[in-house]
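Trainee: Okay, structure incoming, though there's no sequence with it:
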């Protein structure tokens, strides 16, 4: 069912109707533990799954799905995975109108488009933290089935969510960045999104870049002094809740 990417991690689930589908397990934590396999998964959208795809995901133990997409995205491409609980933790994509204006300026806008993407990650940290806090609440539910979270590409809103979870579990920043950058090899949907866009805008909009993720971390640190303080303050991960999270997800 699952196959490892280069180097063994991340462990992917190959599907016909979705891509960038993977287990967050296997990463080492600062205290020598390992994030458990089979508890938390991330992916791109799940609107085109085949029956075989659905069977694979259910066989992996996935019983809950968190949909981070905005309402228009959900309506245009509804998640199709029978037999699971779907939790709507919608984060509206904020890049559309601003991206169109910058794209019209062509190559001269490259720096501005990069900055726009970085600002989106800062907004995930500050404007949308309540959505990620709700996802941590789900992860802390007792005896609950495995959880998969996704957006459209599984790279930005999902990538930031994965970074938060791995940070809370004690995974180092370099490993978190490597997991984030794996989207560049695992996501198959970039070409369709780039159609009709100015090349520079399409390239940046469908890419992953350390600058983007770092902007999210920088926003957390600027707001609360450190990522640790951010997790406690904005994600409500008090010492006892964080210990419970680690007990559930780290072995």
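Mentor: All right, it came through fine. Bear in mind the structure is a predicted one, so any value in this text is a computation, not a measurement.
Trainee: What helices and strands are in contact with the longest helix along the chain?
Mentor: Scanning the chain for the helix with the most residues, using DSSP state H, yields helix 110-126. When contacts are defined as 3 or more Cβ pairs under 8 Å, 6 or more residues apart in numbering; DSSP states H and E, helix 110-126 packs onto helix 96-103, helix 157-169, helix 199-205, helix 210-224. Quick note: C-beta positions are derived from backbone N, CA and C, even for glycine.
Trainee: If you count neighbours, what's buried in stretch 207-217?
Mentor: 208, 209, 212, 213, 215, 216, 217 (16 or more other Cβ atoms under 10 Å).
Trainee: err, stretch 24-44, not the other one
Mentor: Result for stretch 24-44 [16+ other Cβ under 10 Å]: buried residues 24-27, 29, 33, 35-37, 39-44.
Trainee: I'd like to know which of those are part of helices.
Mentor: Short answer: the buried residues of stretch 24-44 have none in helices (DSSP H).
Trainee: pLDDT weak spots in the stretch 101-250 of the chain?
Mentor: 101-108 (pLDDT under 70).
Trainee: change it to 90
Mentor: Applying pLDDT under 90 to the stretch 101-250 of the chain picks out residues 101-113, 116, 189-206.
Trainee: circling back: most tightly surrounded among the helices and strands packed on helix 110-126?
Mentor: Comparing the helices and strands packed on helix 110-126 by mean neighbour count (mean count of other Cβ atoms under 10 Å), helix 157-169 ranks first with a mean of 25.
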